[in-house]
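Colleague: I would like to see how this sequence folds:
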Amino acid sequence: MSLKPALFLVIFLHYYSIATLGSDPDPVQDFCIPNTRIATCKNSSAATVEDFVFSGIKLPGKFSETGIAAKPVNVNIFPGLNTLGMSFVRADFEVGGINVPHYHPRATEIAFVVEGRIYSGFIDTENRIFAKVIEKGEVMVFPRGLLHFQMNVGDTPATILGSFDSQNPGLMRIPNAVFGSGIEEKLLEKAFGLNAKEIAKLKRKFSPH
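Modeller: You can find the predicted model right below:
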């Protein structure tokens, strides 16, 4: 299946799933410190079709050491999404590639498999796991704020498209958040039953470079 019809399908599923829901606007950032500068919208008369088109996901991105190349399309990259309450991602997986356990604090995600076979799942707040291998043409939903993950278990590269019900869903990768954020080492040793040498190794691996 080409990316174009797959894109239409994911957007349709996104709007179908939220069409009957209504609520107060959710935060689209972690916090907001008041600034004297006031952001304003472009005058609508100056808008063009190019403001509503993004071409940056035609090809895969750069693959990480975990075998995934993710290209997010959120309001920070595609300003045309501003105030529209949705965003998008393309993720390509090498054979055996993984999307490490992570969550999106501000969005539910719908993931559509364009190509390949992906072991995909999430964990609820009672530590129950909901996981299975989903294949080309199948869709899985990850409820907002719940830990989820993906791994290419096929013999060929895989591609998924994901849609979010927030213009800026946020992303917290668990390994990076735990070992790369500067949490006191003694706490990590007690939490994970690891010694100082093991913690130091993990901190070197996941700390920002």
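
Colleague: where does this structure have low pLDDT?
Modeller: Counting by pLDDT under 70, the chain shows low-confidence ranges at 1-27, 31-39, 209.

Colleague: 80 - rerun?
Modeller: 1-40, 209 (pLDDT under 80).

Colleague: so is the residue lying farthest from the centre of the chain in a helix, a strand, or just coil?
Modeller: Using C-alpha atoms, centre = their mean, the residue of the chain lying farthest from its centre is Ser45. It sits 33.1 Å away. For Ser45, the assignment made with DSSP: H, G, I helix; E, B strand; the rest coil gives helix.

Colleague: quick one, strands of this protein?
Modeller: 68-73, 87-93, 98-103, 109-115, 117-123, 129-135, 139-142, 147-152, 158-164, 172-173 (DSSP state E).

Colleague: how about the ones you listed in JSON lines, adding distance to Lys197 and mean neighbour count?
Modeller: For every residue, glycine as well, the C-beta is placed using N, CA and C. As requested, the strands of the chain are exported to JSON lines (distance: least, C-beta to C-beta, whole Å; neighbours: other C-beta atoms under 10 Å):
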{"stretch": "strand 68-73", "distance to Lys197": "29", "mean neighbour count": "19"}
{"stretch": "strand 87-93", "distance to Lys197": "32", "mean neighbour count": "24"}
{"stretch": "strand 98-103", "distance to Lys197": "23", "mean neighbour count": "19"}
{"stretch": "strand 109-115", "distance to Lys197": "37", "mean neighbour count": "22"}
{"stretch": "strand 117-123", "distance to Lys197": "29", "mean neighbour count": "20"}
{"stretch": "strand 129-135", "distance to Lys197": "31", "mean neighbour count": "14"}
{"stretch": "strand 139-142", "distance to Lys197": "35", "mean neighbour count": "18"}
{"stretch": "strand 147-152", "distance to Lys197": "27", "mean neighbour count": "22"}
{"stretch": "strand 158-164", "distance to Lys197": "36", "mean neighbour count": "25"}
{"stretch": "strand 172-173", "distance to Lys197": "23", "mean neighbour count": "16"}
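
Colleague: So which residue is dead centre in the chain?
Modeller: Leu171 (5.9 Å).

Colleague: I'd say that one and His104 touch.
Modeller: Yes: counting by C-beta atoms under 8 Å, Leu171 touches His104, with 6.1 Å between them.
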